[in-house]
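# Structure for this input, please:
(2 chains)
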Amino acid sequence: DAKTTQPNSMESNEEEPVHLPCNHSTISGTDYIHWYRQLPSQGPEYVIHGLTSNVNNRMASLAIAEDRKSSTLILHRATLRDAAVYYCIPGGNAGNMLTFGGGTRLMVKP
Amino acid sequence: DVKVTQSSRYLVKRTGEKVFLECVQDMDHENMFWYRQDPGLGLRLIYFSYDVKMKEKGDIPEGYSVSREKKERFSLILESASTNQTSMYLCASSLPGHQETQYFGPGTRLLVL
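Numbers count the residues shown, from 1 in each chain, chains lettered A, B, ... in the order given. Predicted coordinates for the structure are as follows:
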């Protein structure tokens, strides 16, 4: 499994954009990059995933570096409900299990 | 909307008791998973199942067993609960070939006294 490095915690103000970084320098050429988040007292929740191109969905955007050794999850306008632990998880599209590291705890201030 | 439910949010058991944790999903997913989550250790995979009556050991299966008699239900069994099994237990499901996109239940916080 590719090793990931994420900041332990980040702070943001409500209504402002948030950029959550992740380094995955040992990622293999076929590994996707997945992001999950875990709200307090809940199970993890899928956010987004991508391979090479930047991806957008209703929850977030994922920007992937050209060399794929890092990626950034972008929340365009943070709300208090976005306060959670965000996990970056490189992995294969089939057959590989998710390996959750420590993640980044995002705190959103009103 | 996809849904994974777990039988209890909180459970208190005594050492040596047999404990059943139930998980049900309504998405007709073939794959189901059991994890435990502990501070500083992240989520660790206990067991998973690719189909009815099939099971595979994850990273930490010792002290646990599982049962998958129906597609929608995956049970985790602690044969003789011990205090080091106090943890948050999370169930998840996914489509075949899409283990990376898992849908999680709300979790069961188990305390073994």
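
# Quickly list what the nearest residue to A:Thr52 once chain neighbours are set aside is bridged to.
With sequence-adjacent residues excluded and distances taken as CB to CB, 6 or more residues apart in numbering or on different chains, A:Thr52 is closest to A:Ile64, at 6.2 Å. Every C-beta, even on glycine, is put in place using the N, C-alpha and C of the backbone. For A:Ile64, the beta-bridge partners are A:Ser71 (DSSP bridges).

# for A:Gly91, same thing?
A:Tyr32.

# What's the per-residue pLDDT of it here?
At A:Gly91, the model reports a pLDDT of 79.

# residues near A:Thr30, how many?
Per other CB atoms under 10 Å in any protein chain shown, the neighbour tally for A:Thr30 reads 11.

# before we move on, what about B:Leu113?
Residues contacting B:Leu113 under the criterion other CB under 10 Å number 10.

# And for the residue of chain B found nearest chain A, nearest residue in space, chain neighbours not counted?
Residue of chain B nearest chain A, by CB to the nearest CB: B:Phe104 (3.1 Å). Spatial nearest neighbour of B:Phe104, chain neighbours left out: A:Gly43 (3.1 Å); criterion: CB to CB, 6+ apart.

# Now that neighbour: which helix or strand?
Using DSSP states H and E, A:Gly43 sits in no helix or strand.

# Tell me, how many residues neighbour it?
A:Gly43, neighbours per other CB under 10 Å, totals 23.

# So for it, what's the pLDDT?
Value for A:Gly43, per-residue pLDDT: 92.

# residues touching it, list them.
The contact partners of A:Gly43, by CB atoms under 8 Å, 6 or more residues apart in numbering or on different chains, come to B:Val4, B:Leu90, B:Cys91, B:Ala92, B:Phe104, B:Gly105, B:Pro106, B:Gly107.

# I figured A:Asp82 was touching A:Leu20, is that so?
No - shown here, A:Asp82 and A:Leu20 do not form a contact pair, counting by CB atoms under 8 Å, at 10.2 Å.

# out of those two, which sits in the more crowded spot?
Between A:Asp82 and A:Leu20, counted using other CB under 10 Å, A:Leu20 has the larger neighbour count: 24 against 19.

# for the strand or helix carrying the more buried one, packing partners?
If you go by DSSP H and E, A:Leu20 is part of strand A:18-23. On a contact count with 3 or more CB pairs under 8 Å, 6 or more residues apart in numbering or on different chains; DSSP states H and E, strand A:18-23 meets strand A:9-13, strand A:70-75, strand A:84-91, strand A:104-109.

# quick check, A:Arg81 in a helix?
Yes - assessed with DSSP: H, G, I helix; E, B strand; the rest coil, A:Arg81 lies in a helix.

# Nearest residue to it in space, please, no chain neighbours.
A:Leu39 (7.6 Å).
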